[in-house]
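Predicted structure and sequence below. I'll ask about it afterward.
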Amino acid sequence: MKFGIDRLLADASLRKPLEGKRVALLAHPASVTADLTHSLDALVAAGRNISAVFGPQHGVRGDLQDNMMESPDFTDPTYGMPVFSLYGEVRRPTGQSMGTFDVLLVDLQDVGCRIYTFVTTLLYVLEAAAAHGKSVWVLDRPNPAGRPIEGLTLRLGWESFVGAGPMPMRHGMTLGEMGRWFIDRFRLDVDYRVIEMEGWQPGAAPGYGWPPERVWINPSPNAANVNMARAYAGTVMLEGTTLSEGRGTTRPLELFGAPDIDARAVIAEMRALAPQWLAGCTLRDFWFQPTFHKHVGALCAGVFIHAEGAAYDHAAFRPWRLQALGFKAIRRLYPDYPLWRDFPYEYVFDKLAIDVINGGPGLREWVDDAAAVAGDLDALTVPDEQAWEAERQAFLLY
């Protein structure tokens, strides 16, 4: 198969509209061609006039570990063009930076989750392009989590940098498709084009979204592999809790744990509460010691989520419910456990981080309600999932 960048480079007719134009590139370390050449280098070699580069959260170089760690602007040391950070002094492109190009190529590897901030950055650049009369092309890439949908829809008034609009946590779209939805949803008048992939089969084994012949490169420092991308719609919620999500280990966002829980007891309680939500994956209890971040230096009992191997069932795996169930099990076993982390999350200072992540309080309220059962969360969530399944159809390209 071919990603958008590979089709653009291989087909002169696709590149022709860029002739005589100043071209900017929004990219990160995973913005590479099939032979692992960075897209910036490949586009310059192909004769495009790359006049500016933009970087999302974690920076063009992908060097910054955590949330709310800002990247500076700088001058590219190889080619000399300006590099503008969209996760530094600004989140939205400024008038100054918008004046450096005619067409913006967006070549970002996403992981298929609303909270992953590249989704919001895409909306912001589309809005800026509409305001400044610029063109935006998305060089499409696979959604490694595939087409499944899961999670509550972001509620009105809960928009943030980790919640661009009313979509569920696991949206099942590519960035190219998401741009089409944004333009319709927010009534944007912008010249928009998707350089589509060729041969992407999101429902096909063994990749189910990610083609196994392509090398996985971290789009952000803690997105180390496809297992993480599959689990992320659930494990990202750990960022709003006192539980470790594995930062400071070699497998972040594929696990959860803490020094003061019994991982085997948690797994057993999860099975007792909602065994149907454990389908499609394997849970393994283990020990880990973070070298930085939460519980640094402490021995933690953990639960590892294996959405891989022979036990993986793409259609059955539901990471958002699985992680919610982990929270519910801990709340049942340890009723007074200080589960929810109270700190500013992605520059939101007046709401609990777990609620910002979920786009509303519904998930947290279900966890904390001692009488609530699995069916109650399903009753809240299934209508949202069904509505999104219907809404997204008009914007799918594959």
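Great, that's in hand.

CA atoms for contacts and neighbours, from now on please.
Will do.

what about this structure, any weak spots by pLDDT?
62-70 (pLDDT under 70).

what's the biggest helix by length in it in contact with?
When the chain is scanned for its longest helix (criterion: DSSP state H), the result is helix 374-392. In this structure, residues lying in contact with helix 374-392 by CA atoms under 8 Å, 6 or more residues apart in numbering are 149-153, 167-168, 171, 181, 273-274, 363, 366.

Which residue ranges of this structure form strands?
Along the chain, counting by DSSP state E, strands occupy 23-26, 50-55, 74-75, 82-85, 103-106, 135-139, 191-195, 255-258, 282-288, 300-306.

JSON lines please, covering these and showing mean neighbour count.
Formatted as JSON lines, these follow (neighbours: other CA atoms under 10 Å):
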{"stretch": "strand 23-26", "mean neighbour count": "25"}
{"stretch": "strand 50-55", "mean neighbour count": "24"}
{"stretch": "strand 74-75", "mean neighbour count": "13"}
{"stretch": "strand 82-85", "mean neighbour count": "24"}
{"stretch": "strand 103-106", "mean neighbour count": "24"}
{"stretch": "strand 135-139", "mean neighbour count": "23"}
{"stretch": "strand 191-195", "mean neighbour count": "18"}
{"stretch": "strand 255-258", "mean neighbour count": "26"}
{"stretch": "strand 282-288", "mean neighbour count": "16"}
{"stretch": "strand 300-306", "mean neighbour count": "23"}
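
Which one of these lies nearest to Trp340?
Closest approach to Trp340 among the strands of the chain (CA to CA): strand 255-258, 13.2 Å.

Which neighbouring elements make contact with that closest one?
The contact analysis (3 or more CA pairs under 8 Å, 6 or more residues apart in numbering; DSSP states H and E) places strand 255-258 against strand 300-306.

Direction included, what does the strand it packs on pair against?
strand 255-258 (antiparallel), strand 282-288 (antiparallel) (DSSP bridges).

With respect to Tyr345, which of the ones you listed lies nearest?
Nearest of those (CA to CA): strand 255-258, 19.0 Å.

now could you export just the CA positions of that closest one as PDB?
Output in PDB follows, covering the C-alpha atoms of strand 255-258 (Å, rounded to 0.1, in the frame of the first residue of the first chain):
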ATOM      1  CA  LEU A 255      -0.500  -0.600  31.300                       C
ATOM      2  CA  PHE A 256      -1.700   0.800  34.600                       C
ATOM      3  CA  GLY A 257      -0.600   0.300  38.200                       C
ATOM      4  CA  ALA A 258       0.500   1.800  41.500                       C
END
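
about what we covered before: nearest to Ala205, of the strands paired with strand 300-306?
Closest among the strands paired with strand 300-306, using CA to CA: strand 282-288, at 17.9 Å.

if we can go back for a sec, quick check: buried residues in the longest helix of the chain?
For helix 374-392, burial by neighbour count (16 or more other CA atoms under 10 Å) applies to Ala374, Leu377, Leu380, Thr381, Asp384, Glu385, Trp388, Glu389, Arg392.

Off-centre distance for it?
Relative to the chain's own centre, helix 374-392 is displaced by 20 Å; criterion: CA atoms, centre = their mean, to the nearest Å.

Please apply the same query to stretch 333-342.
Between the mean C-alpha position of stretch 333-342 and that of its chain there is a distance of 26 Å (CA atoms, centre = their mean).

Going by neighbour count, list what's buried in it.
Within stretch 333-342, judged by 16+ other CA under 10 Å, the buried ones are Leu339, Trp340, Arg341, Asp342.

Please report phi then psi for the last one.
What it means is Asp342. The phi/psi pair for Asp342 (degrees, to the nearest 10) reads phi -110, psi 90.

What separation is there between it and Val111?
Per CA to CA, to the nearest Å, Asp342 is found 26 Å from Val111.

Phe304 contacts Cys281, correct?
No: between Phe304 and Cys281 there is no contact under CA atoms under 8 Å: 10.2 Å.

coming back round to it: can you tell me which of the buried residues of stretch 333-342 comes closest to Phe256?
When these are compared for distance to Phe256 (CA to CA), Leu339 wins out at 12.2 Å.

thought the closest one was touching Leu243?
Yes: Leu339 is within contact range of Leu243, at 7.1 Å (criterion: CA under 8 Å).

distance of the closest residue to Val356 other than its chain neighbours from Leu123?
Spatial nearest neighbour of Val356, chain neighbours left out: Trp158 (6.9 Å); criterion: CA to CA, 6 or more residues apart in numbering. According to CA to CA, Trp158 and Leu123 sit 16 Å apart.

Same check on Glu159?
Relative to Leu123, and taking CA to CA, Glu159 is found at 12 Å.

who touches the closest residue in space to Gln289 that isn't next to it in sequence in this structure?
Once flanking residues are discounted, Gln289 sits nearest to Leu299: 4.7 Å by CA to CA, 6+ apart. Counting by CA under 8 Å, 6+ apart, Leu299 makes contact with Ala258, Pro259, Trp287, Phe288, Gln289, Pro290.

Just the CA trace of the longest helix of the chain, in PDB.
As requested, C-alpha coordinates have been extracted for helix 374-392 and formatted as PDB (Å, rounded to 0.1, in the frame of the first residue of the first chain):
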ATOM      1  CA  ALA A 374     -21.700  -2.000  33.400                       C
ATOM      2  CA  GLY A 375     -25.100  -1.700  31.800                       C
ATOM      3  CA  ASP A 376     -25.500   1.800  33.100                       C
ATOM      4  CA  LEU A 377     -22.300   2.900  31.300                       C
ATOM      5  CA  ASP A 378     -23.500   1.100  28.200                       C
ATOM      6  CA  ALA A 379     -26.800   2.900  28.400                       C
ATOM      7  CA  LEU A 380     -25.000   6.300  28.300                       C
ATOM      8  CA  THR A 381     -22.400   5.400  25.700                       C
ATOM      9  CA  VAL A 382     -24.100   3.200  23.000                       C
ATOM     10  CA  PRO A 383     -26.400   6.000  21.700                       C
ATOM     11  CA  ASP A 384     -23.300   8.200  21.300                       C
ATOM     12  CA  GLU A 385     -21.500   5.500  19.400                       C
ATOM     13  CA  GLN A 386     -24.400   4.700  17.200                       C
ATOM     14  CA  ALA A 387     -24.900   8.400  16.400                       C
ATOM     15  CA  TRP A 388     -21.200   8.800  15.400                       C
ATOM     16  CA  GLU A 389     -21.300   5.700  13.200                       C
ATOM     17  CA  ALA A 390     -24.100   7.300  11.200                       C
ATOM     18  CA  GLU A 391     -22.600  10.800  11.200                       C
ATOM     19  CA  ARG A 392     -19.100   9.800  10.000                       C
END
